[in-house]
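>>> whatever this is, show me its structure:
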Amino acid sequence: METGSFIELGFQKGKEYYGFTGNIARLNSGRAAIYHALRLTGCKKIHLPYYQCDTVRDFLARKGCEIGYYRIDSAFNPSELNAGDGEAVLIVNYFGVMSSSRMATLAAKYKNVIIDNSQAFFAPPAENTYSVYSARKFIGVPDGAYVIGKEAQKYTVEYEQGFSSDTSLFLLQRIEYGCEGKAYGQRTLNEKRIDSEDIKLMSKLTRTILDGADYEFIKNKRKENFEYAAKIFEDVNRIDPMVYYDRTCVPMVYPLLCEDENLLPKLIENKHFQGHWWSYLLKEMPEDSFEYYISKYIIPVTIDQRYGKEELNFIRSLVR
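Numbering: from 1, shown residues only. Reported below is the predicted structural model:
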(Lines give C-alpha, C1' and ligand atoms only; values in the text may rest on other atoms or scores of the structure.)
Protein backbone atom coordinates (compact mmCIF):
# COMPACT_ATOMS: atom_id res chain seq x y z
CA MET A 1 0.00 0.00 0.00
CA GLU A 2 1.39 3.40 -1.04
CA THR A 3 0.98 6.42 1.24
CA GLY A 4 2.31 9.96 1.13
CA SER A 5 4.22 11.74 -1.66
CA PHE A 6 2.40 14.01 -4.16
CA ILE A 7 -1.38 14.23 -4.53
CA GLU A 8 -2.83 12.82 -7.74
CA LEU A 9 -5.96 13.97 -9.59
CA GLY A 10 -9.04 13.41 -7.50
CA PHE A 11 -12.29 11.84 -8.68
CA GLN A 12 -15.55 10.89 -7.00
CA LYS A 13 -16.07 7.18 -6.43
CA GLY A 14 -18.91 4.71 -6.63
CA LYS A 15 -20.80 6.18 -9.60
CA GLU A 16 -19.76 3.83 -12.41
CA TYR A 17 -22.88 3.38 -14.54
CA TYR A 18 -22.43 -0.36 -14.95
CA GLY A 19 -20.60 -0.77 -11.66
CA PHE A 20 -23.26 -2.91 -10.03
CA THR A 21 -24.11 -4.95 -13.11
CA GLY A 22 -23.50 -8.67 -12.92
CA ASN A 23 -22.06 -10.60 -15.86
CA ILE A 24 -19.85 -7.80 -17.10
CA ALA A 25 -16.41 -7.64 -18.68
CA ARG A 26 -14.38 -4.40 -18.59
CA LEU A 27 -12.05 -4.17 -21.57
CA ASN A 28 -9.91 -1.67 -23.44
CA SER A 29 -11.86 -0.90 -26.63
CA GLY A 30 -15.15 -1.44 -28.42
CA ARG A 31 -13.56 -3.55 -31.14
CA ALA A 32 -11.93 -5.77 -28.51
CA ALA A 33 -15.27 -6.01 -26.71
CA ILE A 34 -16.96 -7.26 -29.91
CA TYR A 35 -14.26 -9.91 -30.27
CA HIS A 36 -14.72 -10.95 -26.64
CA ALA A 37 -18.49 -11.19 -27.15
CA LEU A 38 -17.90 -13.36 -30.21
CA ARG A 39 -15.76 -15.70 -28.11
CA LEU A 40 -18.59 -15.91 -25.59
CA THR A 41 -21.07 -17.00 -28.26
CA GLY A 42 -18.79 -19.91 -29.19
CA CYS A 43 -19.10 -18.98 -32.87
CA LYS A 44 -16.19 -18.80 -35.31
CA LYS A 45 -17.97 -16.62 -37.86
CA ILE A 46 -19.63 -13.25 -37.41
CA HIS A 47 -21.80 -11.23 -39.78
CA LEU A 48 -21.08 -7.49 -39.74
CA PRO A 49 -22.94 -4.67 -41.46
CA TYR A 50 -20.99 -3.00 -44.25
CA TYR A 51 -21.89 0.32 -42.57
CA GLN A 52 -19.50 -0.10 -39.66
CA CYS A 53 -16.11 1.24 -38.64
CA ASP A 54 -13.32 -0.60 -40.47
CA THR A 55 -11.32 -0.89 -37.23
CA VAL A 56 -13.83 -3.52 -36.06
CA ARG A 57 -13.43 -5.78 -39.08
CA ASP A 58 -9.66 -5.26 -39.10
CA PHE A 59 -9.37 -6.28 -35.44
CA LEU A 60 -11.54 -9.36 -35.92
CA ALA A 61 -9.61 -10.37 -39.02
CA ARG A 62 -6.36 -9.95 -37.11
CA LYS A 63 -7.72 -12.36 -34.49
CA GLY A 64 -8.46 -14.96 -37.15
CA CYS A 65 -12.26 -14.62 -37.14
CA GLU A 66 -14.30 -15.55 -40.20
CA ILE A 67 -16.36 -12.54 -41.31
CA GLY A 68 -19.49 -12.20 -43.42
CA TYR A 69 -21.18 -8.93 -44.35
CA TYR A 70 -24.72 -7.71 -44.82
CA ARG A 71 -26.40 -4.61 -46.21
CA ILE A 72 -28.86 -2.28 -44.50
CA ASP A 73 -31.87 -0.70 -46.17
CA SER A 74 -33.02 2.91 -46.00
CA ALA A 75 -34.75 2.20 -42.67
CA PHE A 76 -31.49 0.85 -41.20
CA ASN A 77 -32.88 -2.70 -41.20
CA PRO A 78 -30.54 -5.63 -41.93
CA SER A 79 -30.85 -6.79 -45.52
CA GLU A 80 -29.48 -9.90 -47.20
CA LEU A 81 -28.48 -11.30 -43.80
CA ASN A 82 -28.38 -15.08 -43.81
CA ALA A 83 -26.64 -16.38 -40.71
CA GLY A 84 -26.42 -20.05 -39.82
CA ASP A 85 -27.26 -21.44 -36.37
CA GLY A 86 -23.57 -21.56 -35.44
CA GLU A 87 -22.81 -18.02 -36.65
CA ALA A 88 -22.99 -14.73 -34.79
CA VAL A 89 -24.65 -11.51 -35.93
CA LEU A 90 -23.62 -7.97 -34.97
CA ILE A 91 -26.51 -5.49 -34.94
CA VAL A 92 -25.62 -1.82 -34.53
CA ASN A 93 -27.59 0.77 -32.61
CA TYR A 94 -26.82 3.53 -35.11
CA PHE A 95 -26.23 7.00 -33.66
CA GLY A 96 -27.86 5.82 -30.41
CA VAL A 97 -31.33 6.65 -31.78
CA MET A 98 -32.66 3.08 -31.92
CA SER A 99 -35.07 2.29 -29.09
CA SER A 100 -34.68 -0.75 -26.85
CA SER A 101 -37.85 -2.29 -28.28
CA ARG A 102 -36.57 -1.91 -31.85
CA MET A 103 -33.22 -3.50 -30.99
CA ALA A 104 -34.98 -6.36 -29.20
CA THR A 105 -37.20 -6.92 -32.24
CA LEU A 106 -34.21 -7.05 -34.57
CA ALA A 107 -32.27 -9.34 -32.24
CA ALA A 108 -35.16 -11.80 -31.94
CA LYS A 109 -34.78 -12.72 -35.61
CA TYR A 110 -31.35 -14.27 -35.18
CA LYS A 111 -29.35 -16.54 -32.90
CA ASN A 112 -26.04 -15.58 -31.27
CA VAL A 113 -26.69 -11.84 -31.39
CA ILE A 114 -24.19 -9.18 -30.34
CA ILE A 115 -25.62 -5.67 -30.07
CA ASP A 116 -23.13 -2.91 -30.74
CA ASN A 117 -24.15 -0.10 -28.39
CA SER A 118 -20.92 1.83 -28.96
CA GLN A 119 -23.09 4.76 -30.06
CA ALA A 120 -25.65 4.15 -27.30
CA PHE A 121 -23.82 3.97 -23.99
CA PHE A 122 -26.98 4.12 -21.87
CA ALA A 123 -29.08 1.62 -23.85
CA PRO A 124 -30.28 -1.19 -21.54
CA PRO A 125 -28.74 -4.59 -22.30
CA ALA A 126 -31.10 -6.76 -24.35
CA GLU A 127 -32.03 -10.22 -23.08
CA ASN A 128 -30.38 -13.26 -24.64
CA THR A 129 -27.71 -11.15 -26.34
CA TYR A 130 -24.29 -9.75 -25.60
CA SER A 131 -24.32 -5.95 -25.45
CA VAL A 132 -21.16 -3.99 -26.16
CA TYR A 133 -20.51 -0.41 -24.98
CA SER A 134 -17.72 2.09 -25.71
CA ALA A 135 -17.08 4.60 -22.93
CA ARG A 136 -15.00 7.24 -24.71
CA LYS A 137 -17.78 8.25 -27.08
CA PHE A 138 -19.76 9.57 -24.11
CA ILE A 139 -17.25 10.34 -21.32
CA GLY A 140 -13.81 11.93 -21.39
CA VAL A 141 -11.67 8.81 -21.02
CA PRO A 142 -8.72 7.58 -23.12
CA ASP A 143 -10.31 4.17 -23.86
CA GLY A 144 -12.57 1.57 -22.25
CA ALA A 145 -15.46 -0.72 -23.13
CA TYR A 146 -17.95 -3.11 -21.55
CA VAL A 147 -19.48 -6.43 -22.53
CA ILE A 148 -22.68 -7.36 -20.70
CA GLY A 149 -24.36 -10.74 -21.00
CA LYS A 150 -24.35 -14.32 -19.75
CA GLU A 151 -21.01 -15.21 -18.12
CA ALA A 152 -19.39 -12.14 -19.68
CA GLN A 153 -16.41 -12.46 -17.32
CA LYS A 154 -15.38 -15.73 -18.99
CA TYR A 155 -11.93 -15.61 -20.60
CA THR A 156 -11.01 -12.28 -18.95
CA VAL A 157 -8.35 -13.99 -16.81
CA GLU A 158 -6.47 -14.58 -20.07
CA TYR A 159 -6.15 -10.87 -20.87
CA GLU A 160 -3.33 -8.56 -19.83
CA GLN A 161 -4.00 -5.43 -17.79
CA GLY A 162 -4.38 -2.33 -19.95
CA PHE A 163 -2.59 0.96 -19.26
CA SER A 164 -3.70 4.26 -20.77
CA SER A 165 -2.01 7.06 -18.82
CA ASP A 166 1.00 7.15 -21.15
CA THR A 167 -1.18 8.41 -24.02
CA SER A 168 -3.90 10.31 -22.14
CA LEU A 169 -2.25 13.75 -22.07
CA PHE A 170 -4.64 14.97 -24.76
CA LEU A 171 -7.49 14.99 -22.23
CA LEU A 172 -5.67 17.62 -20.16
CA GLN A 173 -4.35 19.55 -23.17
CA ARG A 174 -7.86 19.87 -24.59
CA ILE A 175 -8.77 22.01 -21.58
CA GLU A 176 -5.91 24.47 -22.09
CA TYR A 177 -5.16 24.35 -25.82
CA GLY A 178 -8.46 23.30 -27.38
CA CYS A 179 -8.77 20.29 -29.67
CA GLU A 180 -6.41 21.49 -32.41
CA GLY A 181 -2.61 21.48 -32.41
CA LYS A 182 -0.97 19.85 -29.41
CA ALA A 183 -4.07 18.13 -28.12
CA TYR A 184 -4.98 16.66 -31.51
CA GLY A 185 -1.44 15.39 -31.98
CA GLN A 186 -1.50 13.66 -28.60
CA ARG A 187 -4.93 12.21 -29.29
CA THR A 188 -3.55 10.74 -32.52
CA LEU A 189 -0.91 8.93 -30.47
CA ASN A 190 -3.65 7.50 -28.27
CA GLU A 191 -5.58 6.32 -31.34
CA LYS A 192 -2.45 4.62 -32.69
CA ARG A 193 -2.00 2.85 -29.35
CA ILE A 194 -5.56 1.54 -29.44
CA ASP A 195 -5.23 0.50 -33.10
CA SER A 196 -2.13 -1.57 -32.36
CA GLU A 197 -3.31 -3.04 -29.05
CA ASP A 198 -4.59 -6.56 -28.50
CA ILE A 199 -7.58 -7.19 -26.25
CA LYS A 200 -6.81 -6.10 -22.68
CA LEU A 201 -8.56 -5.35 -19.42
CA MET A 202 -9.83 -1.81 -18.88
CA SER A 203 -7.13 0.50 -17.57
CA LYS A 204 -7.28 1.66 -13.95
CA LEU A 205 -7.24 5.28 -15.10
CA THR A 206 -10.28 4.81 -17.31
CA ARG A 207 -12.24 2.98 -14.64
CA THR A 208 -11.36 5.64 -12.06
CA ILE A 209 -12.74 8.37 -14.32
CA LEU A 210 -15.84 6.31 -15.11
CA ASP A 211 -16.40 5.78 -11.40
CA GLY A 212 -16.77 9.52 -10.87
CA ALA A 213 -18.78 10.72 -13.88
CA ASP A 214 -22.13 12.50 -13.52
CA TYR A 215 -24.20 10.13 -15.62
CA GLU A 216 -27.59 11.68 -14.96
CA PHE A 217 -26.36 15.06 -16.19
CA ILE A 218 -24.80 13.43 -19.27
CA LYS A 219 -28.01 11.55 -20.10
CA ASN A 220 -30.34 14.48 -19.62
CA LYS A 221 -28.17 16.98 -21.50
CA ARG A 222 -27.68 14.72 -24.50
CA LYS A 223 -31.39 13.96 -24.75
CA GLU A 224 -32.24 17.64 -24.41
CA ASN A 225 -29.75 18.63 -27.12
CA PHE A 226 -30.81 15.85 -29.46
CA GLU A 227 -34.49 16.72 -29.21
CA TYR A 228 -33.73 20.38 -29.81
CA ALA A 229 -31.58 19.49 -32.83
CA ALA A 230 -34.43 17.39 -34.18
CA LYS A 231 -36.64 20.48 -34.15
CA ILE A 232 -34.27 22.97 -35.74
CA PHE A 233 -32.91 20.61 -38.43
CA GLU A 234 -36.20 18.90 -39.29
CA ASP A 235 -36.77 20.99 -42.42
CA VAL A 236 -33.35 20.25 -43.95
CA ASN A 237 -32.60 16.68 -42.86
CA ARG A 238 -33.18 14.05 -45.56
CA ILE A 239 -33.63 11.32 -42.94
CA ASP A 240 -35.81 11.27 -39.83
CA PRO A 241 -33.74 10.30 -36.75
CA MET A 242 -36.90 10.29 -34.63
CA VAL A 243 -38.46 7.23 -36.27
CA TYR A 244 -37.12 4.77 -33.68
CA TYR A 245 -36.37 7.27 -30.92
CA ASP A 246 -38.02 6.98 -27.50
CA ARG A 247 -37.27 7.63 -23.84
CA THR A 248 -34.78 4.75 -23.71
CA CYS A 249 -32.47 6.52 -26.19
CA VAL A 250 -29.51 8.69 -25.23
CA PRO A 251 -27.94 9.48 -28.62
CA MET A 252 -24.27 9.93 -29.37
CA VAL A 253 -24.88 12.46 -32.16
CA TYR A 254 -27.63 13.96 -34.28
CA PRO A 255 -27.31 12.45 -37.80
CA LEU A 256 -27.85 15.27 -40.30
CA LEU A 257 -28.13 14.25 -43.94
CA CYS A 258 -27.82 17.10 -46.43
CA GLU A 259 -26.91 16.43 -50.04
CA ASP A 260 -24.33 19.20 -50.06
CA GLU A 261 -20.67 18.27 -50.42
CA ASN A 262 -19.62 21.80 -49.43
CA LEU A 263 -21.34 21.70 -46.04
CA LEU A 264 -18.77 19.67 -44.11
CA PRO A 265 -15.79 21.87 -45.14
CA LYS A 266 -17.81 24.92 -44.12
CA LEU A 267 -18.57 23.46 -40.69
CA ILE A 268 -14.93 22.53 -40.13
CA GLU A 269 -13.85 26.00 -41.24
CA ASN A 270 -16.08 27.33 -38.47
CA LYS A 271 -14.58 24.89 -35.94
CA HIS A 272 -17.33 22.31 -35.78
CA PHE A 273 -14.96 19.34 -35.77
CA GLN A 274 -16.93 16.42 -37.09
CA GLY A 275 -16.56 14.38 -40.24
CA HIS A 276 -18.36 11.84 -42.37
CA TRP A 277 -18.22 8.43 -40.78
CA TRP A 278 -16.49 5.55 -42.53
CA SER A 279 -15.68 7.26 -45.81
CA TYR A 280 -13.68 4.19 -46.83
CA LEU A 281 -17.05 2.80 -47.96
CA LEU A 282 -17.07 5.26 -50.86
CA LYS A 283 -14.34 3.11 -52.41
CA GLU A 284 -15.88 -0.24 -51.49
CA MET A 285 -19.65 0.07 -51.95
CA PRO A 286 -21.73 0.60 -55.12
CA GLU A 287 -22.69 4.23 -55.71
CA ASP A 288 -26.38 3.30 -55.69
CA SER A 289 -26.17 1.64 -52.25
CA PHE A 290 -27.62 3.15 -49.09
CA GLU A 291 -24.26 2.67 -47.36
CA TYR A 292 -22.53 4.79 -50.00
CA TYR A 293 -25.20 7.48 -49.78
CA ILE A 294 -25.10 7.95 -46.02
CA SER A 295 -21.31 7.66 -45.83
CA LYS A 296 -21.08 10.49 -48.34
CA TYR A 297 -23.66 12.84 -46.87
CA ILE A 298 -24.43 12.22 -43.18
CA ILE A 299 -22.77 14.68 -40.82
CA PRO A 300 -22.89 13.62 -37.14
CA VAL A 301 -23.77 16.85 -35.35
CA THR A 302 -22.31 17.07 -31.84
CA ILE A 303 -25.01 17.09 -29.15
CA ASP A 304 -22.98 16.02 -26.10
CA GLN A 305 -23.08 17.37 -22.56
CA ARG A 306 -20.60 20.18 -23.19
CA TYR A 307 -22.99 22.11 -25.37
CA GLY A 308 -26.50 23.52 -25.59
CA LYS A 309 -28.88 25.55 -27.72
CA GLU A 310 -26.38 28.31 -28.47
CA GLU A 311 -23.95 25.96 -30.20
CA LEU A 312 -26.73 24.11 -32.03
CA ASN A 313 -28.24 27.37 -33.25
CA PHE A 314 -24.84 28.42 -34.58
CA ILE A 315 -24.49 25.17 -36.51
CA ARG A 316 -28.04 25.62 -37.84
CA SER A 317 -27.13 29.11 -39.06
CA LEU A 318 -24.20 27.66 -41.00
CA VAL A 319 -26.43 25.01 -42.56
CA ARG A 320 -28.98 27.63 -43.54
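>>> once you drop chain neighbours, what's closest to residue 95?
residue 255 (4.8 Å; CB to CB, 6 or more residues apart in numbering). C-betas here are computed from N, CA, C, even on glycine.
>>> give me the residue at the spatial middle of this protein.
By CA atoms, centre = their mean, the chain has its centre lying nearest to residue 118, at 2.9 Å.
>>> quick check: closest non-adjacent residue to that one.
Per CB to CB, 6+ apart, closest to residue 118 is residue 134, 3.9 Å.
>>> can you tell me how far the one you found sits from residue 210?
Plainly put, residue 134 is 12 Å away from residue 210 if you go by CB to CB, to the nearest Å.
>>> common neighbours of these two, please.
Common contacts of residue 134 and residue 210 (CB atoms under 8 Å, 6 or more residues apart in numbering): residue 144.
>>> hmm, back to that, helix or strand next in line after the strand or helix carrying the residue nearest to residue 95, which one?
Assigned by DSSP states H and E, residue 255 falls within strand 253-257. Proceeding N to C from strand 253-257, the next assigned helix or strand is helix 263-269, under DSSP H and E.
>>> how far does the following helix or strand past that next one sit from the chain's center?
On the C-terminal side of helix 263-269, the nearest following helix or strand under DSSP H and E is helix 281-284. Centroid separation for helix 281-284 versus its chain: 21 Å, with CA atoms, centre = their mean, to the nearest Å.
>>> can you list contacts of helix 281-284?
With contact meaning CB under 8 Å, 6+ apart, helix 281-284 is reached by 50, 51, 291, 292, 295, 296.
>>> give me the buried positions along that helix.
Residues of helix 281-284 classed as buried by neighbour count (16 or more other CB atoms under 10 Å): residue 281.
>>> give me the pLDDT for the residue nearest to the centre of the chain.
Residue 118 carries a pLDDT value of 98.
>>> go ahead and confirm it touches residue 135.
No - Residue 118 sits out of contact with residue 135 when judged by CB atoms under 8 Å, with a separation of 9.5 Å.
>>> which neighbours do the two share?
With CB under 8 Å, 6+ apart, residue 118 and residue 135 have common neighbours residue 145.
>>> picking that back up, and of the contacts of helix 281-284, the nearest to residue 162?
Nearest to residue 162 among the contacts of helix 281-284 is residue 51, at 28.3 Å by CB to CB.
>>> three-state assignment of that closest one?
Under DSSP: H, G, I helix; E, B strand; the rest coil, residue 51 falls in the coil class.
>>> setting the sequence-adjacent residues aside, check what's closest to it.
Per CB to CB, 6+ apart, closest to residue 51 is residue 291, 4.6 Å.
>>> ok, now residue 70?
Using CB to CB, 6+ apart, the nearest residue to residue 70 is residue 81, at 3.9 Å.
>>> contacts only, for that neighbour.
47, 70, 89, 110.
>>> give me the contacts around stretch 232-249.
Here stretch 232-249 has contacts from 75-76, 95-102, 120, 123-124, 223, 226, 230, 251, 254-259, 294, 297-298, 301, 312-313, 316, 319-320, using CB under 8 Å, 6+ apart.
>>> quick one: buried ones out of the residues you listed?
For the contacts of stretch 232-249, buried by 16+ other CB under 10 Å: 76, 95-100, 102, 120, 123, 223, 226, 230, 251, 254-258, 294, 297-298, 301, 312, 316, 319.
>>> quick one: which of those residues sit in helices?
Counting by DSSP state H, the part of the buried ones among the contacts of stretch 232-249 found in helices is 100, 102, 223, 226, 230, 294, 297, 312, 316, 319.
>>> and which of those residues is nearest to residue 31?
For those, the nearest to residue 31 is residue 294 (21.1 Å; CB to CB).
>>> distance of the closest one relative to residue 73?
In terms of CB to CB, residue 294 sits 11 Å off from residue 73.
>>> now do residue 152
Taking CB to CB, one finds residue 152 at 31 Å from residue 73.
>>> ok, residue 169 next?
Distance from residue 169 to residue 73, by CB to CB: 43 Å.
>>> ok, these two, which is more surrounded?
A count of neighbours by other CB atoms under 10 Å puts residue 169 above the other of residue 169 and residue 73, at 17 against 10.
>>> thought the more buried one was touching residue 186?
Yes - between residue 169 and residue 186 there is a contact under CB under 8 Å: 4.8 Å.
>>> tell me, what's touching the two both at once?
Counting by CB under 8 Å, 6+ apart, nothing touches both residue 169 and residue 186.
>>> export the contacts of helix 281-284 to JSON lines and append columns for pLDDT.
Shown next, in JSON lines, are the contacts of helix 281-284 (pLDDT from 0 to 100):
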{"residue": "50", "pLDDT": "97"}
{"residue": "51", "pLDDT": "97"}
{"residue": "291", "pLDDT": "97"}
{"residue": "292", "pLDDT": "97"}
{"residue": "295", "pLDDT": "96"}
{"residue": "296", "pLDDT": "96"}
